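Peer 1: Attaching a predicted model along with its sequence, questions to come.
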Amino acid sequence: MQTGEEGDPPYHCDFLDMRKLFPSPQWQWMDSPPTMISRPKGTRYELAFLLRKKS
């Protein structure tokens, strides 16, 4: 979740950190922009990226 805040659940995970967790040699990142998903209170959001595991 991309809250932009440190600490407390839900925990923030920066996009660049996600790229390190799912590196391109093993994962195919789609070129399309992420889908932004607002959370109920509107103060937090999620970015959905499409990944495919490479064989």
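Peer 2: Good, I have the coordinates.
Peer 1: Could you name the helices and strands sitting against the helix or strand of the chain with the lowest mean pLDDT?
Peer 2: Ranking every helix and strand in the chain by mean pLDDT, DSSP states H and E puts strand 45-48 at the bottom, with a mean of 80. Packing partners of strand 45-48 (3 or more CB pairs under 8 Å, 6 or more residues apart in numbering; DSSP states H and E): strand 35-38. Just so you know, the C-beta spots here come from the backbone N, C-alpha and C atoms, and that holds for glycine as well.
Peer 1: Could I have the CA atoms of the strand it packs on written out in PDB?
Peer 2: Output in PDB follows, covering the C-alpha atoms of strand 35-38 (Å, rounded to 0.1, in the frame of the first residue of the first chain):
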ATOM      1  CA  THR A  35      -4.500   1.600 -11.300                       C
ATOM      2  CA  MET A  36      -5.100   3.800  -8.300                       C
ATOM      3  CA  ILE A  37      -7.500   2.300  -5.700                       C
ATOM      4  CA  SER A  38      -8.800   4.700  -3.100                       C
END
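Peer 1: Just checking: what are the partner strands of that strand?
Peer 2: Applying DSSP bridges, strand 35-38 is found paired with strand 45-48 (antiparallel).
Peer 1: Report the buried residues of the strand it pairs with.
Peer 2: Glu46 (16 or more other CB atoms under 10 Å).
Peer 1: Dump it to CSV, keeping only the CA atoms.
Peer 2: The C-alpha coordinates for strand 45-48 follow below in CSV (Å, rounded to 0.1, in the frame of the first residue of the first chain):
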residue,chain,number,x,y,z
TYR,A,45,-4.6,4.6,-1.6
GLU,A,46,-3.1,1.5,-3.3
LEU,A,47,-1.4,1.3,-6.7
ALA,A,48,-2.1,-1.9,-8.6
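Peer 1: residues contacting Lys54?
Peer 2: 25-28 (CB atoms under 8 Å, 6 or more residues apart in numbering).
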